[in-house]
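> Following is a predicted model, sequence given first.
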Amino acid sequence: MRTPREVVEELVEAYNAKSLERILALYRPDARFWDPLHREGVSGRAAIGEVIGGLFESYPDEQMSVVTLVADETHAVAEFRSVGTSAGGRPFELELTEVYELSDGQIASCHVYIDTAEIPVQAERGGH
């Protein structure tokens, strides 16, 4: 069984490869996902897939790299650096933090912490 650290490293590889299938295989079927744009959270692989698929459309060349990754047997916290170009053509570079809870080698929950003012598509639309 994969450790939380290995799951996060695999998640980053799959995200950078834009492989939704590989990403969703890392999540439990009943997983929960939360970020500042989905404050009620989303549940289940299909809903998480819609969120991540939307990110692929909005940021087609985005590449994430791990700045810091700490983990124990059930949790991982990762600081990421993300660079790319928005679908509107605006280059971006931002930092975000994600907190994962794992169960049986799969992600049970993911919480994303990011300054929404730095999200390119929000800035292009004038924010919320």
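Thanks, I have the structure now.

> Just the helices from the chain, written as ranges.
Using DSSP state H, the helices assigned to the chain run over residues 4-16, 20-25, 45-58, 120-125.

> separation between the nearest residue to R22 once chain neighbours are set aside and V7?
Residue nearest to R22 in three dimensions, not counting chain neighbours: A14, with 3.7 Å by CB to CB, 6 or more residues apart in numbering. The C-beta positions use only the backbone N, C-alpha and C, and glycine is treated the same way. Spatial separation of A14 from V7 under the definition CB to CB, to the nearest Å is 10 Å.

> shared neighbours, these two?
By the contact definition CB atoms under 8 Å, 6 or more residues apart in numbering, A14 and V7 are jointly contacted by L26.

> Distance-wise, check the residue nearest to R22 relative to E73.
A14 sits 22 Å away from E73, going by CB to CB.

> So between those two, which is more surrounded?
In terms of neighbours (other CB atoms under 10 Å), A14 is the more surrounded of A14 and E73; the figures are 18 against 7.

> Just list the residues touching the more buried one, thanks.
For A14, the contact set (CB under 8 Å, 6+ apart) comprises 22-23, 26.

> Now do it, the pLDDT please.
According to the model's per-residue confidence, A14 sits at a pLDDT of 98.

> distance of L69 from T97?
Between L69 and T97 the distance is 11 Å, computed by CB to CB.

> what does the model give M1 for pLDDT?
M1 carries a pLDDT score of 88 in this model.

> Tell me who's in contact with the nearest residue to it once chain neighbours are set aside.
For M1, ignoring the flanking residues on the chain, the nearest one in space by CB to CB, 6+ apart is G105 at 4.0 Å. G105 makes contacts with 1-2, 7, as judged by CB under 8 Å, 6+ apart.

> can you put the residues you listed in CSV and add distance to E101 and neighbour count?
Below are those laid out as CSV (distance: CB to CB, whole Å; neighbours: other CB atoms under 10 Å):
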residue, distance to E101, neighbour count
M1, 15, 8
R2, 14, 14
V7, 11, 20
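
> If you count neighbours, what's buried in the biggest strand by length in the chain?
Ranked by number of residues, the top strand in the chain under DSSP state E is strand 91-103. For strand 91-103, burial by neighbour count (16 or more other CB atoms under 10 Å) applies to 92, 94, 96, 98, 100-102.
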